[in-house]
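*Asks:* I'll drop the sequence and a predicted model, then ask my questions.
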Amino acid sequence: MKKLIIINGPNLNLLGKREPSIYGSLSFTEFLDTIKGKYLNVSLDYFQSNIEGELIDKIQEFGFNYDGIILNAAAYTHTSVGIGDAIKAIETPVIEVHISNTFGREEFRHQSYISPNAKGVILGFGLQSYELAIQSFLD
Ligand code: DQA
């Protein structure tokens with residue numbers, strides 16, 4: 001059984017309430033329940049934090065014993081050299097995901113410290129971005 005983890009960064013705990021015109025009206029826990037029910041052959045864990053260092057701690061902790069990390073570093077995507085370095089340091093492949101199409105938004109969202117070291121990037125498909133990332137680890 002593949003062992004995957006979704007790691008979400010700042011403000012993604014507010015999904016469903018936060019700017020629903022951009023991020024949708026479903027909470028992440030509701031979405032996660034659906035996904036877990038759909039992918040019974042995957043061991044799927046979840047971690048969310050608003051704190052950059054906690055995200056780095058978890059990337060280090062899971063980065064040597066999981067088959068894949070699905071990472072939405074949210075705003076830290078565009079600012080965090082530390083998260084970029086953590087991805088370089090680990091063995092587990094990381095797929096970067098975003099709910100929105102960051103390239104269709106403000107200029108500062110076009111920069112990513114995650115992408116250069118990610119296995120791949122999936123963005124702009126709403127919460128389905130996460131599901132596409134899961135599928136890519138199963139193929
Ligand atoms: C996001 C895009 C980021 O620019 C933003 O800061 C987020 C969410 C997305 O999933 O679309 O918080 O990562």
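*Replies:* Thanks, I have the structure now.
*Asks:* Identify each buried residue in the helix or strand bottoming out on mean pLDDT in the chain, please.
*Replies:* Lowest by mean pLDDT, DSSP states H and E among the helices and strands of the chain is helix 20-23, with a mean of 86. Using 16 or more other Cβ atoms under 10 Å as the test for burial, helix 20-23 gives Tyr23. All C-beta atoms are positioned from the backbone trio N, CA, C, and that covers glycine.
*Asks:* Give the next helix or strand downstream of it.
*Replies:* Next in sequence after helix 20-23, counting helices and strands by DSSP states H and E, comes helix 28-38.
*Asks:* Count the neighbours of Ser80 for me.
*Replies:* Residues lying near Ser80 (other Cβ atoms under 10 Å) number 19.
*Asks:* how about it, what does it touch?
*Replies:* 52, 73, 113 (Cβ atoms under 8 Å, 6 or more residues apart in numbering).
*Asks:* quick one: which of the residues you listed sit in helices?
*Replies:* Within these, residues falling in helices by DSSP state H are Glu52.
*Asks:* Within range of the ligand, give me the residues from the protein.
*Replies:* Counting by Cβ under 6 Å from any ligand atom, the chain comes close to the ligand at 11, 72, 74-75, 77, 98-100, 102, 109.
*Asks:* Tabulate those (a markdown table), appending neighbour count.
*Replies:* Below are these laid out as a markdown table (neighbours: other Cβ atoms under 10 Å):
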| residue | neighbour count |
| --- | --- |
| Asn11 | 14 |
| Asn72 | 24 |
| Ala74 | 17 |
| Ala75 | 15 |
| Thr77 | 23 |
| His98 | 24 |
| Ile99 | 21 |
| Ser100 | 17 |
| Thr102 | 19 |
| Arg109 | 17 |
